[in-house]
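S.K.: Need coordinates for the below:
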Amino acid sequence: MSTFRVSTNMALKSHIARGVGRLTDLVFTRGQGSYVQTSCGKRFLDFTTGIGVVNTGHSHPRVVAAAKEQLDSIVHSQVNIGHHDKMLELTELLLPNLPRGLDTIYYGTTGAEAVENAVKMARVMTGKHAIVVFRGGYHGRTFGTMAMTTSSRIYRQKFGPLIPGVHVTPFPFEYHGITSDMAMNELEQLFKDTLHEEDVAAFVIEPVLGEGGYVPAPPDFLKKVREFANSKNALMICDEVQTGFGRTGSLFACDSDYYGDDVQPDILTMAKGIASGFPLSGVATYREIADQCEPGMLGGTYAGNALSCAAAVATQKVIHDENLVENSAKMGVRLRDNLRSIQQSEVSKGLIGDIRGLGLMTGVEFDKEAEPGIKAKLSQACLKERLLLLGCSTYEVVRFVPPLNISEEDVDMGCEKFENALKSVL
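M.R.: Here you go, the predicted structure:
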């Protein structure tokens, strides 16, 4: 790294919009597997993976090779002009692995775009407009998805008025005293005092709250939401932008042994882990639903980009060939076992209240006796240990989101670094 380049980086940072929140002011230049490296040569164990994006690890050789090969073929093949081979190849790989019955896919660029297109499909299919979402959910930053996002006010403050027709109901959060039955009672009450079923197009839910605190929905709750949606002639949209592609120890959370066979979404949104860091998203649904949209009602300049689809094809093959779903489940158990050992040790001083998650999507929440702001202080302390770890939620929660191909050694090392950081903060 030349002196000129380092000094230029320092000067240019002031020209980047300050509205983007950052964990650190470091400049990252390389990533390989579970590690990233800065412009100063510091190496960090990454337990963020770009917030659940590089599930195959940074710069997986097969994904990189597929992208390089695609660069020599075609980079941008616009979807309104015609089909391209990599989108068709990706579709062939995805269809057998989607929740049963979902047979049609729309490709976009971002998770928020996927959610908005899912809502568009639901409105067209049902002829109704209202959307019900669950408190603590994160669905994006666009004007449509901002109205649906309640994981933190920062995502929507000062941007109003937002789109109308979005209604919020509690998500079961047993650590904070909200059971499945309580959440369902509130949902039923919403339809008694506020909503009429003739207005409601869809229920949109994350099987595991992401930004809201890494809280898995109890299995019975998703089943009840599915049944309730049916009773109101509304659709159920599972937002698996963060949970998809092995993150929870199943390819998709809603199609897992944990939730059983009774949770079948009408529409599934996906992004993040689909292409190992290349911008791509998808909406999977039934042909009957997708075909309600006439040609021209869906699309986008970069939708289903050829380079991203090539990376996604390689990603799906890596997930399958290297048994990353199975490794996610196995390493997730190891991670939570390690964290519970820390919770029960003197290091935690009894301040770790809850450890929860599925697969390699784990949240650690501190109880109300912990110092306010501890999650931010802990993230900064982890930086000194060369560990990247993010907070989330309006509560004091830190989240563990390592690559799905992480080794036992790196899981243990990450937990050791976390424990050391904890000692320095408590």
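S.K.: Residue 37 contacts residue 26, doesn't it?
M.R.: No. Taking contacts as Cβ atoms under 8 Å, residue 37 lies outside contact range of residue 26: 9.9 Å. All C-beta spots, glycine's among them, are computed from the backbone N, C-alpha and C.
S.K.: which residues in the protein form helices?
M.R.: Here the chain has its helices, by DSSP state H, at 3-12, 49-52, 61-71, 85-94, 111-126, 143-148, 180-193, 219-231, 287-290, 306-321, 324-344, 374-384, 408-425.
S.K.: what separates the third one from the chain centre, distance-wise?
M.R.: Meaning helix 61-71. Chain-centre distance of helix 61-71: 24 Å, with Cα atoms, centre = their mean, to the nearest Å.
S.K.: Run the angle between it and helix 85-94 for me.
M.R.: If you take axes from the mean of the first three to the mean of the last three Cα atoms, to 10 degrees, helix 61-71 sits at 150 degrees to helix 85-94.
S.K.: OK, contacts around the most centrally placed residue in the chain?
M.R.: Residue closest to the mean C-alpha point of the chain, counted by Cα atoms, centre = their mean, is residue 242 at 1.6 Å. By Cβ atoms under 8 Å, 6 or more residues apart in numbering, the contact list for residue 242 reads 51-52, 111, 138, 206, 208, 210, 272, 361.
S.K.: which residue sits closest to it, ignoring its sequence neighbours?
M.R.: Of all residues not flanking residue 242 in the chain, residue 210 sits nearest, at 4.3 Å (Cβ to Cβ, 6 or more residues apart in numbering).
S.K.: bridging residues for the closest residue in space to residue 31 that isn't next to it in sequence?
M.R.: Nearest residue to residue 31, sequence neighbours excluded (Cβ to Cβ, 6+ apart): residue 58, at 2.9 Å. Beta-bridge pairing of residue 58, defined through DSSP bridges, involves residue 33.
S.K.: Could you double-check that residue 58 lies in contact with residue 45?
M.R.: No. Residue 58 lies out of contact with residue 45 (Cβ under 8 Å); the separation is 11.3 Å.
S.K.: hang on, the earlier thing: can you put the helices of the chain in CSV and add mean neighbour count and distance to residue 105?
M.R.: Below are the helices of the chain laid out as CSV (neighbours: other Cβ atoms under 10 Å; distance: least, Cβ to Cβ, whole Å):
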stretch, mean neighbour count, distance to residue 105
helix 3-12, 10, 39
helix 49-52, 21, 20
helix 61-71, 16, 19
helix 85-94, 18, 6
helix 111-126, 25, 10
helix 143-148, 22, 20
helix 180-193, 15, 29
helix 219-231, 18, 21
helix 287-290, 16, 8
helix 306-321, 23, 11
helix 324-344, 19, 20
helix 374-384, 19, 36
helix 408-425, 18, 33
